[in-house]
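Enquirer: generate coordinates for the sequence data below:
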Amino acid sequence: MKILVMTFRLHAPWVNSLKEKRMIVKSLTAKLQNRFHVSAAETDEQDTHRIIVIGVAAIVPHNALADSMMNELSAFVENNTEAEIIDEIREIR
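Expert: Residues are numbered from 1 along each chain as shown. Predicted structure coming up:
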């Protein structure tokens, strides 16, 4: 059994308040949780309104499934938000 851990750092230049950012974060984390049955939450930069950091974790049976799922998660985040992905960290533990 393996643990998949991903961190997405997004830049949303049009966001002007923490309230706007919170709406984006809640929407994206809910979509990730519903679609992939993973744990997802904002993990850093909570007080910076244009930078969004979302952590995702899941338990998978083997590395091949983890790699496939990470590719799907990355594509999903890219397609479901207007924010630009600045950085993406992938880990399998």
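Enquirer: next, Thr29: secondary structure please.
Expert: Judged by DSSP: H, G, I helix; E, B strand; the rest coil, the three-state class of Thr29 is helix.
Enquirer: what sits against the closest residue to it other than its chain neighbours?
Expert: Spatial nearest neighbour of Thr29, chain neighbours left out: Ala40 (4.2 Å); criterion: Cβ to Cβ, 6 or more residues apart in numbering. All C-beta atoms are positioned from the backbone trio N, CA, C, and that covers glycine. When contacts are counted by Cβ atoms under 8 Å, 6 or more residues apart in numbering, Ala40 touches 28-29, 32-33, 54-57.
Enquirer: show me what contacts the closest residue to Ser39 other than its chain neighbours?
Expert: Distances taken as Cβ to Cβ, 6+ apart place Ala57 nearest to Ser39, at 4.7 Å, with adjacent residues excluded. With contact taken as Cβ under 8 Å, 6+ apart, Ala57 is in contact with 3-6, 38-40.
Enquirer: list the beta-bridge partners for Ala57.
Expert: Ala57 has these beta-bridge partners by DSSP bridges: Val5, Ser39.
Enquirer: from Arg93, how far off is it?
Expert: 9 Å (Cβ to Cβ, to the nearest Å).
Enquirer: identify the contacts common to the two.
Expert: Common contact partners of Ala57 and Arg93 (Cβ under 8 Å, 6+ apart): 3, 5.
Enquirer: out of everything not next to it in sequence, what's closest to the residue nearest to the spatial centre of the chain?
Expert: Nearest to the mean C-alpha position of the chain, by Cα atoms, centre = their mean, lies Ile54 at 4.2 Å. Closest residue to Ile54 apart from its sequence neighbours, by Cβ to Cβ, 6+ apart: Phe8 at 4.8 Å.
Enquirer: strands of the chain, start to end?
Expert: In the chain, the strands defined using DSSP state E lie at 2-11, 39-44, 51-60, 84-92.
Enquirer: distance between the third one and the chain's centre?
Expert: Between the mean C-alpha point of strand 51-60 and the mean C-alpha point of its chain there is a distance of 5 Å (Cα atoms, centre = their mean, to the nearest Å).
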